[in-house]
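>>> Show me the folded form of this:
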Amino acid sequence: MNPSILCIFALTCFNGFPQNAEDPPTASSASKRALAWVRAFNENKAEKLLDFYDRSGDLMVVVSSGLAHQGFEDIDKIYQQQFKEVEFFDSKAKNLKTRVFEKSAIVQMEHLVKARVKKDESILQIHIRTTLVFHLKNGNWKILGEHSSPISGIERIRVLQGSQQP
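Now for the predicted structure:
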């Protein structure tokens with residue numbers, strides 16, 4: 001047997017083919033990942049949402065209230081607490097725009113989500129602009145930066161009168 005073929009065979013058997021290798025990064029794949037992140041709010045599971053984030057101290061998140069958070073551990077604590085207090089539903093995105101640069105992507109959108117505050121059963125409509133900064137890590141898009149802010153002329157949070165819980 002040809003030694004080159006034997007070597008390739010051995011490497012394949014012992015290392016296997018790459019698993020879940022993503023096609024070259026595209027605007028479409030980054031957009032799909034961002035939309036999956038938006039839909040993940042509807043599942044109301046902190047762990048599900050945290051799967052989208054880079055699990056490093058480099059992660060930076062600035063929420064629409066102006067609070068800034070640094071590192072995965074901080075975001076983990078925030079989401080764990082948030083999902084105890086609020087139930088999200090009807091999370092969707094509009095006006096999505098995506099740019100890809102080699103192994104990173106920037107996705108900007110309007111994020112609309114409703115939230116039921118468990119303490120008093122009030123229903124809120126949240127409407128913010130969100131920018132997600134992704135980087136390709138082990139073949140998957142991971143959020144390394146997130147920034148949300150109010151949109152000029154649109155109420156960031158409003159109470160929906162007469163709303164029923166989902």
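>>> List the residue ranges of this protein that fall below the pLDDT cut-off.
Using pLDDT under 70 as the threshold, the predicted model of the chain has low-confidence ranges 1-23, 161-166.
>>> now the strands for it?
If you assign secondary structure with DSSP state E, the strands in the chain sit at 60-62, 68-70, 86-101, 104-117, 123-137, 140-149, 157-159.
>>> Just want the most central residue of the protein.
residue 37 (3.8 Å; Cα atoms, centre = their mean).
>>> now the strands of the chain as JSON lines including distance to residue 32 and mean neighbour count?
For the C-beta atoms, the positions are set from N, CA and C on the backbone; glycine is no exception. Output for those, formatted as JSON lines (distance: least, Cβ to Cβ, whole Å; neighbours: other Cβ atoms under 10 Å):
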{"stretch": "strand 60-62", "distance to residue 32": "21", "mean neighbour count": "19"}
{"stretch": "strand 68-70", "distance to residue 32": "25", "mean neighbour count": "13"}
{"stretch": "strand 86-101", "distance to residue 32": "10", "mean neighbour count": "15"}
{"stretch": "strand 104-117", "distance to residue 32": "10", "mean neighbour count": "19"}
{"stretch": "strand 123-137", "distance to residue 32": "11", "mean neighbour count": "19"}
{"stretch": "strand 140-149", "distance to residue 32": "9", "mean neighbour count": "19"}
{"stretch": "strand 157-159", "distance to residue 32": "28", "mean neighbour count": "12"}
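>>> Please name whichever of those strands is nearest to residue 42.
Taking Cβ to Cβ as the measure, the strands of the chain were each checked against residue 42, and strand 86-101 came out nearest at 5.1 Å.
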